[in-house]
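Chemist: give the three-dimensional model of this entry:
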Amino acid sequence: MTKEVNVADILDMDDMVVSPKGFTRGDLSKAFDKLTENLDNWKMPIHTNIHTSEWDMMIEACVFFTGSKLWQVKDLGQCMMEVKADGYYKAMAKVYGGYGTESLLTSIGNVGVDAPKLGSNPRTPR
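Modeler: Model prediction:
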């Protein structure tokens, strides 16, 4: 007997541990929302400031949702740091490097201009 998985089951996975450091999907979702709160489109490159105490969770959240690595650009002092990540589009362009990369990268440059604002959960499909 197999169990069917429906949307309700998938949306109820916030308590599931999904990272090697023991963070749940819910933890990572909240961290990623904070990491991308100033972006019109969460798939674009990330450039923001975070508290040093959030570093481990933010790294895991960025990799989990975008497939790109978060790196520190600058120590801002007072336990704050400037961070960047390539974001989802560039990470996928690297993964699918030989197939359609040029058109994908070209479209990345246009996404922020015409893209509609997303709702409160930017990862919710339209």
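Chemist: quick one: least confident helix or strand in this structure?
Modeler: Using mean pLDDT, DSSP states H and E, helix 101-114 stands out as the lowest-scoring helix or strand of the chain, at a mean of 51.
Chemist: other SSEs contacting the longest strand seen in the chain?
Modeler: The longest strand of the chain (DSSP state E) is strand 70-77. Judged by 3 or more C-beta pairs under 8 Å, 6 or more residues apart in numbering; DSSP states H and E, strand 70-77 is in contact with strand 46-51, helix 55-66, strand 80-85. The C-beta positions use only the backbone N, C-alpha and C, and glycine is treated the same way.
Chemist: in that strand, what counts as buried?
Modeler: Buried residues in strand 70-77, defined by neighbour count with 16 or more other C-beta atoms under 10 Å: residue 70.
Chemist: starting from it, tell me which strands it pairs with and how they run.
Modeler: For strand 70-77, the paired strands and their directions (DSSP bridges) are strand 80-85 (antiparallel).
Chemist: could I get the buried residue list for the partner strand?
Modeler: 81, 83, 84, 85.
Chemist: does the first one touch residue 74 like I think?
Modeler: Yes - taking contacts as C-beta atoms under 8 Å, residue 81 lies within contact range of residue 74: 6.8 Å.
Chemist: what about residue 48, neighbour count?
Modeler: 18 (other C-beta atoms under 10 Å).
Chemist: which residues touch it?
Modeler: By C-beta atoms under 8 Å, 6 or more residues apart in numbering, the contact set of residue 48 is 35, 36, 37, 38, 82, 83.
Chemist: sorry, back to before: CSV for the helices and strands packed on strand 70-77, including mean pLDDT?
Modeler: Output for the helices and strands packed on strand 70-77, formatted as CSV (pLDDT from 0 to 100):
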stretch, mean pLDDT
strand 46-51, 97
helix 55-66, 96
strand 80-85, 97
